[in-house]
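J.: Can you look at this prediction? I've put the sequence above it.
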Amino acid sequence: MTGFGFAIGIALLSFSFHQKAPENTIRILVEKPMDPNHPRITPLVSDSGYRYQSHGEDFDLIPPETGKPVLRFQVVRDENTRALIFLKEDADILYDNLSVAKTEWVRKKMTGRRIRILSSRGDAISYLVLNQESFALRDADTRARVASALPLKNWIEKVFLNWVEPADQANAAPLTGTTPLDASATRIVLRYLATPTREGQQLAHLTREALKKSGFDVRIHIYEPALFYAKIRNRDFDLFSSTAVEGMKTILDLPHTDLIPLFRWKHGLIVNPRVRVGDGVERDFDYSFRFLKHLQLQ
């Protein structure tokens, strides 16, 4: 049995009893706890009058008007378990917490059950980071060859199935080079650091295959997050990829690096048939949970 199949089997044992849907409550799965000052929650609490009520890690947002549904957030850290709970209709909404592959998997499993999937321009952008101080990438022409070798359009359409979109280029470092590839030259070896996440390893292997055609030999090194970030801070890398929300300080804020924007992630909203999607959802469908105020129960 594959690792994914085993995880699903364990989750089936853990959630074998279908839970009765609570009246006038919309159930939303999230990956981690949030307080009332979290940027996703703030617009509902401060601007729309919802009241935050904690239940340990889980929490409710109580609407200011009677008749509107309570928004009940359940914290489920494991991605496979979140997907299974939704498939069993023990939750009403999955929002921005499934990988591209898992979102497609849920969509196919729910065929014929009238789910609705919405997507919108997101705030998070994935970058490939090049270390200008590494021996292999100290030459600007070499770094430009790396940038030009990435088939981003193909990745967006064929690999990520348009769940991502082209990233803005405004904040990218201009990478231009004039040195043509010498096919007889020794291949340049690059150390690519990655974490064990599915998306991180997938992007590492995509990058390795793309750069192989341009004279690079990419060696992928997988590290647990603590060691991964330690190596990044110590500049012990040639390449790595990371995702950041615009305007927020992250590990991408390193000196002497080139950032190559790869793609922008979309927000994904998967709603089961119990919930009616109001007209204002698309207008307020951004990084915050503001759009939830437009949802009603069928």
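T.: Arrived safely. Numbering: from 1, shown residues only.

J.: hmm, who's touching the helix or strand containing Ile220?
T.: Ile220 belongs to strand 216-222 when elements are defined using DSSP states H and E. Identification of contacts with strand 216-222 by CB atoms under 8 Å, 6 or more residues apart in numbering yields 145-146, 149, 187-196, 201, 204-205, 207-208, 211-212, 239. C-beta coordinates here come from the backbone N, C-alpha and C atoms, glycine included.

J.: The same query, at a cut-off of 7 Å, please.
T.: Applying CB atoms under 7 Å, 6 or more residues apart in numbering, the external contacts of strand 216-222 come out as 187-194, 196, 201, 204, 207-208, 211.

J.: partners of that strand, with directions?
T.: strand 188-194 (parallel) (DSSP bridges).

J.: which of the residues in the strand it pairs with are buried?
T.: 188, 190-194 (16 or more other CB atoms under 10 Å).

J.: which helices and strands does the helix or strand following that strand pack with?
T.: Following strand 188-194 in sequence order, the next helix or strand is helix 198-212 (DSSP H and E). Judged by 3 or more CB pairs under 7 Å, 6 or more residues apart in numbering; DSSP states H and E, the packing partners of helix 198-212 are strand 188-194, strand 216-222.

J.: ok, and what's touching the first one?
T.: Applying CB under 7 Å, 6+ apart, the external contacts of strand 188-194 come out as 136, 142, 200-201, 204, 207-208, 215-223, 228, 231-232, 237-240.

J.: ok now stretch 71-85, how far from the chain's centre?
T.: Put simply, stretch 71-85 sits 16 Å off its chain's centre (CA atoms, centre = their mean, to the nearest Å).

J.: Quick check: the gap between the nearest residue to Leu150 once chain neighbours are set aside and Pro36.
T.: Of all residues not flanking Leu150 in the chain, Ala210 sits nearest, at 5.5 Å (CB to CB, 6 or more residues apart in numbering). As for Ala210, its distance to Pro36 is 44 Å (criterion: CB to CB, to the nearest Å).

J.: If any of the contacts of strand 188-194 are buried, give me the ChimeraX selection for them.
T.: The ChimeraX selection below is limited to those of the contacts of strand 188-194 classed as buried (16+ other CB under 10 Å):
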select :136,142,200,204,207,208,215,216,218,220,223,228,231,232,237,238,239,240
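
J.: Of the helices and strands packed on helix 198-212, which is nearest His267?
T.: Closest to His267 of the helices and strands packed on helix 198-212 is strand 188-194 (CB to CB; 24.6 Å).

J.: Mind checking the pLDDT average for the closest one?
T.: The average pLDDT within strand 188-194 is 96.

J.: to the chain's geometric centre, what's the distance from that strand?
T.: Taking the mean of its C-alpha atoms, strand 188-194 sits 23 Å from the chain's own mean (CA atoms, centre = their mean).

J.: Below-threshold pLDDT in the stretch 51-200 of the chain: ranges please.
T.: Counting by pLDDT under 70, the stretch 51-200 of the chain has low-confidence residues at 96-98, 169-186.

J.: Which stretches in it count as strands?
T.: Along the stretch 51-200 of the chain, the segments classed as strands by DSSP state E, counting those that start in this stretch run 51-55, 58-62, 70-75, 93-95, 116-120, 124-131, 164-165, 188-194.
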